[in-house]
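Enquirer: Build me a model:
(chains A and B)
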Amino acid sequence: MELAYTQEEEEFRARLRAWLAEVLPTLPSRPDPLDWPARRAYDMDWQRRLHDAGYAGLHWPKDAGGQGATPTQHLIFLEETEAAGAPYVGAGFVGLLHAGPTIAAEGTSRQRARWLPPILRGEEVWCQGFSEPDAGSDLAALRTRAVRDGDTYVVTGSKIWTSHAEVADWCELLVRTDPEAPRHRGISWLALPMDAPGVTVRPLRTLAGSREFAELFLDEVRVPVGNRVGAENDGWRVTMVTLSFERGTAFVGEVVACRRTLRLLARRAQQNGCWDDATVRRRLGRLHAEFSALWRLIQWNVSEAAHGLRQGGTGVPGVGGSVFKLRYSHARQELYETAAAVLGPASLELSQEWALERLSSLSYTIAAGTSQIQRNIVAERILGLPKGR
Amino acid sequence: MDFRLTADQEALRRGMRELLAARFGRQALRAAVDGAEQQQVVDGRLWRELGEAGLFALRAPQSAGGVGLGLPEAVLLFEEAGRALLPGPLVASHLAGGAGLVAGAADGSVVVTALEEEPRPDGGAAPLVEHLAAAGAVLALGEGYGTGAGEGCPVRVLVPGQLVAEPMRSVDPLSPLHRVRGLLPGQPPDDGGGTTGGGGGRLGGVSAEVLRGEAALLTAALQLGSACRTLELAVGYAREREQFGRPIGAFQAVQHLCAEMLVRSETARSVVYAAAVTADDEEISAAKLLADTAAVGNARDCLQVHGGMGFTWEADVHLHLKRAWLRAEQWRTAVAGEERLASALLQPICR
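Expert: I've put the predicted structure just below:
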């Protein structure tokens, strides 16, 4: 049990801090959250700067153009960038955290050479076409069809919850290539060019009023067979390889931000008199415990992942991922509910600080595996309970 | 950074688990419960064996005949004790043995209990003391906690006869309790430590504030062990018990209860272990708060998973729940912990 960072890790942190102190004042001003092209430009500019400074693809393997950093270095990177107020990965999310690592792990050398460098340099944006209107938690029920026609697939169907679709160049797409095979065995992974004829993007408005994701309609879109990563009908495995690429670091920046918000909230309560209410104080105190524990859980999971990697494994955290997500998504919602309690009627004004976060926090128990699905995973895979129904 | 247990720590934990399985397994636990009304709950022989195994001298320096290990190792041993529902004033005896406050505490020949607060002359809420009849000494750690009184609180060692105390019917059959109405100005025990320690409430170089924090952390470790055990009991029962032609653990309603139990215990574990490493007072508050929540919450869910059996004396789960309630009232309670943690939010942070 050691929480101190090694000298090497501290040196990494010091170099990063120095670079952040230098680069952050030179960034352009933040774009309007509703202006997607401006957001893309801003996020890609940041990625380019990371690339030029040697921080692009920090957690990617070196032979894929990444830095091959340890999970602990990745943790430090995410902690420091958030603490310094640096931009978030933003529109680079799918490319850097899912499609890129998938191509790195399963792609041919030609595919890696074509798609990986533009992701690292901040030149191309990827989005994700996995979920469908009738395939959400039950992803393997997906029905978007790809029919082989010579050296192209003809793809027809629809996808939903696709973030950054409006500004993406590529979509990592799961399609059904064998409708006769058992559900998990008839799926393939394709790289879909978003400018191909037959692709229609319809933005979806979230309950927070923003356009964070879209529906994707595919009408006989022709995709070269060479855009398939992995073998035909092996797409489920290809996708899962990368879903397990997550090393316990997914929410590091957010937890750092939540802990800062909690302190601001306590000061606000002190200013507006709420602090005199013991129930508010105690709620804030418990949240402080919650987020302290979540931070330690991250360090625990990262230590496990680092150990796994050293042993030649995948670096997948064991018990950690689902346990963390279940607790964190709930804690985040409680944080913004408490913010509303501190603000009182002012929380009803959308321009008020924390009002939009309160709304967006509602997605946390749904996105990337609902809490119910997470509990199924914990019960069956970790606790070894019989398969549920 | 490597937060995982070292090989030595794993071995230490395994050794304690094996010792307790051999000396305080389920049969011994139930025998203790059945005999609790007639006899002493604390088994003097077992206590000395625990002393020999190093439980009480674990953190005493090797130069003083101790094991010379730290809080992380102590937390691992206490987690195992909590798992096994080992009765007795383990925390007070460990503190007294580690700091050399009571002769005989370290080797387990003297059982030491604790008084957390001074009884008030106005007869207000009387503090409780566990296992007073078995104790040869009482570690008194000042008046109250969460008051910010800190350094001013004295560390004292009292002889049990100094306590004006009356027995009460304890909810936990294995934790006899006394209500303390007052203190007599007794003769100090033979080592002369029976009076207020030197300046700053220190006795033998330890401050009451530090000891109270350690007591809260070790109590949190006991709670963590209990929370892990009730999860195991629930999962074991859910796999075995069949209704509607299948194990009840195949039903999502039951699965989700069990999954939340794991979330509670693993979240508590991360902060309890971290607090053992940092010994930071804020983190100890978080550890106690979440470990209390995990122990009580898991015992309740375990009881629910057991259905009607959970409401019987025969199932062990009620013993865990009752002990968890008792531990939650000891050292840093939820109110005290939450208030401390809230105040800490207003302090500037150093990065």
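
Enquirer: Check which helix or strand the residue nearest to the spatial centre of chain B maps to.
Expert: In chain B, the residue lying closest to the centroid (CA atoms, centre = their mean) is residue B:219, at 3.0 Å. Remark: residue B:219 resides in helix B:208-240, with elements defined by DSSP states H and E.

Enquirer: Can you point out the buried residues in that helix?
Expert: By neighbour count with 16 or more other CB atoms under 10 Å in any protein chain shown, helix B:208-240 contains the buried residues B:208-231, B:233-235, B:237-239. Glycine gets a C-beta too; all of them are placed from N, C-alpha and C.

Enquirer: restrict those residues to those near chain A?
Expert: Filtering the buried residues of helix B:208-240 for proximity to chain A by CB under 8 Å from any CB of the partner chain leaves B:231, B:235, B:238, B:239.

Enquirer: before we move on, back to that, could I get the contacting residues of the residue nearest to the centre of chain B?
Expert: B:91, B:288, B:291, B:327, B:330, B:331 (CB atoms under 8 Å, 6 or more residues apart in numbering or on different chains).

Enquirer: Quick check: next helix or strand after the helix holding residue B:219?
Expert: The helix or strand immediately downstream of helix B:208-240 is strand B:242-243, counting by DSSP H and E.

Enquirer: buried residues in the lowest-mean-pLDDT helix or strand in chain A?
Expert: Ranked by mean pLDDT, DSSP states H and E, the weakest helix or strand in chain A is helix A:235-243, scoring a mean of 85. For helix A:235-243, a neighbour-count test (16+ other CB under 10 Å) marks A:235, A:236, A:238, A:239, A:242 as buried.

Enquirer: what's the answer for stretch A:248-266, then?
Expert: Buried residues in stretch A:248-266 (16+ other CB under 10 Å): A:248-259, A:261-263, A:265-266.

Enquirer: Residue ranges in the stretch 51-200 of chain B under the pLDDT threshold?
Expert: The stretch 51-200 of chain B contains residues with pLDDT under 70 at B:123, B:143-153, B:186-200.

Enquirer: which residue does the stretch 1-150 of chain B bring closest to chain A?
Expert: Closest contact between the stretch 1-150 of chain B and chain A, by CB to the nearest CB, is at residue B:3 (4.0 Å).

Enquirer: neighbours of that residue, just the number please.
Expert: For residue B:3, the neighbour count with other CB atoms under 10 Å in any protein chain shown is 23.

Enquirer: Neighbouring strands - and their directions - for whichever strand or helix holds residue A:214?
Expert: Element membership for residue A:214 (DSSP H and E) is strand A:213-224. Applying DSSP bridges, strand A:213-224 is found paired with strand A:152-163 (antiparallel), strand A:199-204 (antiparallel).

Enquirer: what's the model's confidence in the shortest one, averaged?
Expert: For strand A:199-204, the per-residue pLDDT values average out at 96.

Enquirer: tell me which element residue A:372 falls in.
Expert: With DSSP H and E as the test, residue A:372 turns up in helix A:371-377.

Enquirer: Which elements pack onto that helix?
Expert: helix A:320-343, helix B:252-278 (3 or more CB pairs under 8 Å, 6 or more residues apart in numbering or on different chains; DSSP states H and E).

Enquirer: returning to what we had before: how about the following helix or strand past the least confident helix or strand of chain A and chain B, touching?
Expert: Moving toward the C-terminus from helix A:235-243, the next helix or strand (DSSP H and E) is helix A:252-272. Yes: against chain B, helix A:252-272 shows contacts by CB under 8 Å from any CB at A:262, A:263, A:265, A:266, A:267, A:270.

Enquirer: export these to JSON lines and tack on pLDDT?
Expert: Putting these into JSON lines (pLDDT from 0 to 100) gives the following:
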{"residue": "A:262", "pLDDT": "97"}
{"residue": "A:263", "pLDDT": "97"}
{"residue": "A:265", "pLDDT": "97"}
{"residue": "A:266", "pLDDT": "98"}
{"residue": "A:267", "pLDDT": "97"}
{"residue": "A:270", "pLDDT": "96"}
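
Enquirer: which among those residues gets closest to chain B?
Expert: For the residues of helix A:252-272 next to chain B, the nearest to chain B is residue A:266 (3.7 Å; CB to the nearest CB).

Enquirer: what residues are up against that closest one?
Expert: By CB under 8 Å, 6+ apart, the contact set of residue A:266 is A:275, A:284, B:342, B:345, B:346.

Enquirer: now with 6 Å?
Expert: A:284, B:345, B:346 (CB atoms under 6 Å, 6 or more residues apart in numbering or on different chains).

Enquirer: and the host helix or strand of the first one, what other elements does it pack with?
Expert: Counting by DSSP H and E, the secondary-structure element that holds residue A:284 is helix A:278-310. Counting contacts by 3 or more CB pairs under 6 Å, 6 or more residues apart in numbering or on different chains; DSSP states H and E, helix A:278-310 packs against helix A:71-83, helix A:252-272, helix A:320-343, helix B:252-278, helix B:281-305, helix B:334-345.

Enquirer: Just say which of these is most tucked in.
Expert: Most buried of the helices and strands packed on helix A:278-310, by mean neighbour count (mean count of other CB atoms under 10 Å in any protein chain shown): helix B:281-305, with a mean of 26.

Enquirer: coming back round to it: tell me the predicted confidence for the residue nearest to the centre of chain B.
Expert: With respect to pLDDT, residue B:219 scores 98.

Enquirer: Quick one: name the residues of chain B near chain A.
Expert: B:1-4, B:72, B:235, B:247, B:249-250, B:252, B:255-256, B:258-259, B:262-263, B:266-267, B:270-271, B:273-274, B:277, B:286, B:289-290, B:338, B:341-342, B:345-346 (CB under 6 Å from any CB of the partner chain).

Enquirer: Next up, the contacts around residue A:130.
Expert: residue A:174 are the contacts of residue A:130 under CB under 6 Å, 6+ apart.

Enquirer: Against residue A:43, how distant is it?
Expert: For residue A:130, the distance to residue A:43 equals 21 Å [CB to CB, to the nearest Å].

Enquirer: tell me the two of the residues of helix A:252-272 next to chain B that are most distant?
Expert: Distance extremes for the residues of helix A:252-272 next to chain B: the farthest pair is A:262 and A:270 at 13.0 Å, using CB to CB.

Enquirer: The closest residue to residue A:32 other than its chain neighbours - how many residues pack around it?
Expert: Nearest residue to residue A:32, sequence neighbours excluded (CB to CB, 6 or more residues apart in numbering or on different chains): residue A:38, at 6.3 Å. Applying other CB under 10 Å, we find 15 residues neighbouring residue A:38.

Enquirer: how far off helix A:71-83 does the one helix or strand residue A:38 maps to point, in degrees?
Expert: Per DSSP H and E: residue A:38 is located in helix A:36-52. Helix A:36-52 and helix A:71-83 are oriented at 130 degrees to each other (axes from the mean of the first three to the mean of the last three CA atoms, to 10 degrees).

Enquirer: which residues sit against helix A:36-52?
Expert: A:23, A:31, A:56, A:87, A:90, A:91, A:92, A:120, A:121, A:122, A:166, A:167.

Enquirer: how about the strands of the stretch 1-150 of chain B, start to end?
Expert: Assigned by DSSP state E, counting those that start in this stretch, the stretch 1-150 of chain B shows strands spanning B:112-115, B:128-130, B:137-140.
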